[in-house]
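Enquirer: here is my input, please return the structure:
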Amino acid sequence: MKSKSVFICQNCGSQSPKWLGRCPGCGEWNTFVEEIEEVAGAEYSFLPSEPVLYQNIKEFKKPRAKVKIEEFNKVLGGGVVLGSVVLIGGEPGIGKSTLLLQVARDFAVEDEKVLYVSGEESLEQIKLRGDRLGVRDGQLYLLAETSLERILAQAEKIMPHVFILDSVQAVFSSKLSSSPGTISQVREVANQVFRFAKRNQVSSFLIGHITKEGSLAGPKSLEHMVDVVLLFEGEKDHSHRVLRALKNRFGPVSELAIFEMGSAGLQAISNPSAFFLKERPANEAGSVVVSTIKGSRPLLIEIQALVSSTLFASNPRRMTVGLDHFRSSMLLTVIEKKLGYSFGGEDIYLNVAGGLTIEEPAADLGVVLAVVSCLKNRPMPPGVAAFGEVGLSGEIRSVGQALGRVKEAASLGFATVVLPQGNVAQLEKEDLPGTRLRGVKNIKQAIDLVF
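Expert: Below is the predicted model of the structure:
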């Protein structure tokens, strides 16, 4: 066993033989830390040394295990796969530990043996949270430990069906001399847990911290080690939380679930469209309902616009919350050029109500309608939803999954949907009783139709 000294960026994992002030990989300053890396003479392996015929490989009797939180099952692609390793990242206090303790509770109730390891909280603290979440009977074992070797020794002794580690940055391996949370330690901990899970067919969950940029802490190789990467998001000022899949070897990527944080833990929201629109004001100018797609799920959201005269005509403000700032600026320029409005002396604020972030271009038409609605001080007609991508020449382009968007709008009582003309031709053969499809080719036609 040989060892060598290397400097590793704690933000992105880049390595250098000497200390550098600025990381060439991510551009961050003062992130290089000297670590002692041990180089093993041979790699560990949990796979058989001889090849096996495809038809001789036995299938699992129970390939997926489901918990009572149906939205969580949906994000994972239908349930927890036997022997899989799932990494859940999120900001401190967002609810990662709460969610996994609820998952442990559901498995324990089904007589599945669960080992929950915490490197950041005492057993008494975990029990207080468990009492609040309704943890009662079942084979749920708790362990407060930060030494990886001791944790794996207890796991080999108990041999649980489900293994939960909270968190991967708090645990260290005595094989390395570096501090807990460093790149080398995080990589070694994840690697050993991965080998344990695959060797014993134990479904494992790892909790990871995220950086200030919102990405998972540690090198990208940590994401490649695991089978599933889930990101837990949400504003601390809002009660809802969004869980989405960034990587999934057993199901669709970008799947999404929405939860509401309450006194009894996280509660899945079965109808998120109604949840985000329940406080939408009636007959208010600058408010437009847009049918968007989050993951594979259609979702109705409210886009709000506020246009107000500025005190600083030479430098009007352009503020966006929940929308891409550069795309919003492009849409404002298109409105000026194609509709003849002038925003030189106006401050413009755009917001997605509820704290969601919308990245797809299908929300473009909603932004245009919201801005013009506020300028004209005329609210949208009741029962109207919209979606469509806007090009630089003002044309409205077709978007994907139009049928799901229209059905979601109809399910909440929106009888009229303004959409790209190209999508109308795709939906003519569909059975959509009580729903009027109003196709538009450009933003001028859309404005004339709505207002």
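Enquirer: can you give me the neighbour number for residue 320?
Expert: 17 (other Cβ atoms under 10 Å). C-beta coordinates here come from the backbone N, C-alpha and C atoms, glycine included.
Enquirer: how about it, secondary structure?
Expert: strand (DSSP: H, G, I helix; E, B strand; the rest coil).
Enquirer: can you give the distance of stretch 317-324 from its chain's centre?
Expert: Put simply, stretch 317-324 sits 20 Å off its chain's centre (Cα atoms, centre = their mean, to the nearest Å).
Enquirer: now that stretch: buried residues?
Expert: The neighbour-count check on stretch 317-324 (16 or more other Cβ atoms under 10 Å) flags 320, 322, 323, 324 as buried.
Enquirer: so the first one bridges to which residues?
Expert: Taking DSSP bridges, one finds residue 350 as the beta-bridge partners of residue 320.
Enquirer: repeat for residue 306
Expert: residue 349.
Enquirer: that one contacts residue 348, doesn't it?
Expert: Yes: between residue 306 and residue 348 there is a contact at 7.3 Å, judged by Cβ atoms under 8 Å.
Enquirer: more crowded one of those two?
Expert: residue 348 (22 against 16).
Enquirer: which ones are touching the more buried one?
Expert: Applying Cβ atoms under 8 Å, 6 or more residues apart in numbering to residue 348 gives the contacts 305, 306, 307, 316, 317, 318, 319, 332, 371.
Enquirer: show me what contacts the third one?
Expert: By Cβ under 8 Å, 6+ apart, residue 307 lies in contact with 286, 343, 346, 347, 348, 371, 374, 375.
Enquirer: give me the nearest residue to it, chain neighbours excluded.
Expert: Nearest residue to residue 307, sequence neighbours excluded (Cβ to Cβ, 6 or more residues apart in numbering): residue 374, at 4.6 Å.
Enquirer: next: residue 20.
Expert: According to Cβ to Cβ, 6+ apart, the nearest residue to residue 20 is residue 32 (5.4 Å).
Enquirer: now the one you found: how far from residue 25?
Expert: 10 Å (Cβ to Cβ, to the nearest Å).
Enquirer: mind checking which of these two has more residues around it?
Expert: A direct count of neighbours by other Cβ under 10 Å for residue 32 and residue 25 places residue 32 higher, at 22 against 15.
Enquirer: among the contacts of residue 307, name the ones in strands.
Expert: Within the contacts of residue 307, membership in strands is found for 346, 347, 348, as judged by DSSP state E.
Enquirer: surely the first one touches residue 305?
Expert: No: judged on Cβ under 8 Å, residue 346 makes no contact with residue 305 at a distance of 11.0 Å.
Enquirer: what about those two, which has more around it?
Expert: Taking other Cβ under 10 Å, residue 346 and residue 305 do not tie; residue 305 has more neighbours (24 against 20).
Enquirer: just list the residues touching the more buried one, thanks.
Expert: 286, 288, 348, 349, 350, 351, 367, 370, 371, 373, 374.
Enquirer: after the lowest-mean-pLDDT helix or strand in the chain, which helix or strand is next?
Expert: None of the helices or strands of the chain scores lower by mean pLDDT, DSSP states H and E than strand 32-39, at a mean of 70. Per DSSP states H and E, strand 32-39 leads on to strand 64-65 as the next helix or strand towards the C-terminus.
Enquirer: show me where the stretch 351-451 of the chain dips below the pLDDT cut-off.
Expert: Scanning the stretch 351-451 of the chain for pLDDT under 70 picks out nothing.
Enquirer: can you tell me which helix in the protein is longest?
Expert: If you go by DSSP state H, the chain has its longest helix at helix 183-200.
Enquirer: list the buried residues for that helix?
Expert: Buried, per 16+ other Cβ under 10 Å, within helix 183-200: 183-190, 192-198, 200.
Enquirer: low-scoring pLDDT stretches of this protein, where are they?
Expert: Those would be 1-3, 36-49, 60-62, 211-221, 235-237, 254, if you go by pLDDT under 70 across the chain.
Enquirer: hmm, 80 instead?
Expert: 1-5, 10-13, 35-49, 57-63, 210-222, 234-239, 254-255, 295-296, 311-314 (pLDDT under 80).
Enquirer: just the helices in it please.
Expert: Counting by DSSP H, the helices of the chain are 70-75, 96-109, 123-133, 148-158, 183-200, 220-225, 272-277, 325-339, 364-376, 402-411, 421-427, 443-450.
Enquirer: for residue 430, the count of nearby residues, please.
Expert: Residue 430 has 12 nearby residues by other Cβ under 10 Å.
Enquirer: over to residue 432?
Expert: 14.
Enquirer: look up how far residue 363 lies from the spatially closest residue to it that is not a sequence neighbour.
Expert: Distance criterion Cβ to Cβ, 6+ apart; nearest residue to residue 432, sequence neighbours excluded, is residue 406 at 6.3 Å. Look at residue 406 and residue 363: by Cβ to Cβ, they are 16 Å apart.
Enquirer: so between the two, which is more surrounded?
Expert: residue 363 (31 against 24).
Enquirer: OK, contacts around the residue lying closest to that one once chain neighbours are set aside?
Expert: Spatial nearest neighbour of residue 363, chain neighbours left out: residue 290 (5.1 Å); criterion: Cβ to Cβ, 6+ apart. Neighbouring residues of residue 290 by Cβ under 8 Å, 6+ apart: 300, 301, 302, 303, 358, 362, 363, 365, 366, 385, 386, 387.
Enquirer: and these, which is closest to residue 166?
Expert: residue 358 (31.3 Å; Cβ to Cβ).
Enquirer: is it true that the closest one touches residue 292?
Expert: Yes: between residue 358 and residue 292 there is a contact under Cβ under 8 Å: 5.7 Å.
Enquirer: the two - which one has more neighbours?
Expert: Legend: neighbour count by other Cβ under 10 Å for residue 358 and residue 292, higher for residue 292 (24 against 20).
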